[in-house]
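Asks: need coordinates for the below:
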Amino acid sequence: MAANARTATARTKPAARKKTAAARPPRKTDVVVPDVEPDEDYDDEDDDAAEAQESEALGGYVTARLRGEELRVLPPMVWRQSWNRLLNSGQIDAFAELAIHPDDFEVYEELDPTNGEFGEFIGEASEQAPESQGKSRGPNRSTRRMRRR
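Replies: Just a heads-up that it's a prediction; the model follows:
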């Protein structure tokens, strides 16, 4: 067998790497206490009352048209899961009684909408809501491939 550059030289073990300090410093476990003292005059009930008054003034309802009539309905982002279950199981009147403003529910009963009309009504209410409904697609995946070792 002919000798080449690789086989002609003696094989040696690679030099051992010298261990260095950790790349990150260790975590600090000290608890930081703020220099702020609690306000003794602060009353949590005042905030709750103010929030309740604000939400009552705004109502939390959006308007949507059902067979030509404007009805107030809660936007989909505030519906309870139990309300969604009613809607998904086809109990539309029970759902409507919870989601539509109590003063507008009698009008809803008089209109007696079809399932398609009710679906359009809910769709319009979703459009009026401050946040859009739907699934989040999550972060985009990187177009660069990861380097393989």
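Asks: with adjacent residues omitted, what lies nearest to Leu66?
Replies: Phe121 (4.3 Å; C-beta to C-beta, 6 or more residues apart in numbering). C-beta: built from backbone N, CA, C; applies to glycine.
Asks: and Glu124, what does it touch?
Replies: With contact taken as C-beta atoms under 8 Å, 6 or more residues apart in numbering, Glu124 is in contact with Ala64, Arg65.
Asks: quick one: find the helix or strand in this structure with the lowest mean pLDDT.
Replies: helix 44-58 (a mean of 49; mean pLDDT, DSSP states H and E).
Asks: tell me who's in contact with the residue nearest to Leu66.
Replies: Here Phe121 is in contact with Ala64, Arg65, Leu66, Leu71, Val73, Pro113 (C-beta under 8 Å, 6+ apart).
Asks: if we can go back for a sec, would you tell me what the next helix or strand after the least confident helix or strand of the chain is?
Replies: strand 62-66 (DSSP states H and E).
Asks: what does that next one contact?
Replies: 70-75, 108, 111, 113, 117-118, 121-122, 124-125, 128-129.
Asks: how about Leu98, phi and psi?
Replies: When read as degrees, to the nearest 10, the backbone of Leu98 gives phi -80, psi -40.
Asks: what's the burial count for it?
Replies: 15 (other C-beta atoms under 10 Å).
Asks: check contacts around it.
Replies: Here Leu98 is in contact with Arg80, Trp83, Leu86 (C-beta under 8 Å, 6+ apart).
Asks: again, 6 Å this time
Replies: By C-beta atoms under 6 Å, 6 or more residues apart in numbering, the residues touching Leu98 are Trp83.
Asks: ditto for the one 5 residues further on
Replies: If you count contacts by C-beta under 6 Å, 6+ apart, Asp103 has none.
Asks: need the pLDDT of it.
Replies: As predicted, Asp103 sits at a pLDDT of 94.
Asks: now it: how far from Asp112?
Replies: As judged by C-beta to C-beta, to the nearest Å, Asp103 and Asp112 stand 18 Å apart.
Asks: Glu69 too?
Replies: Applying C-beta to C-beta to Glu69 and Asp112 gives a distance of 12 Å.
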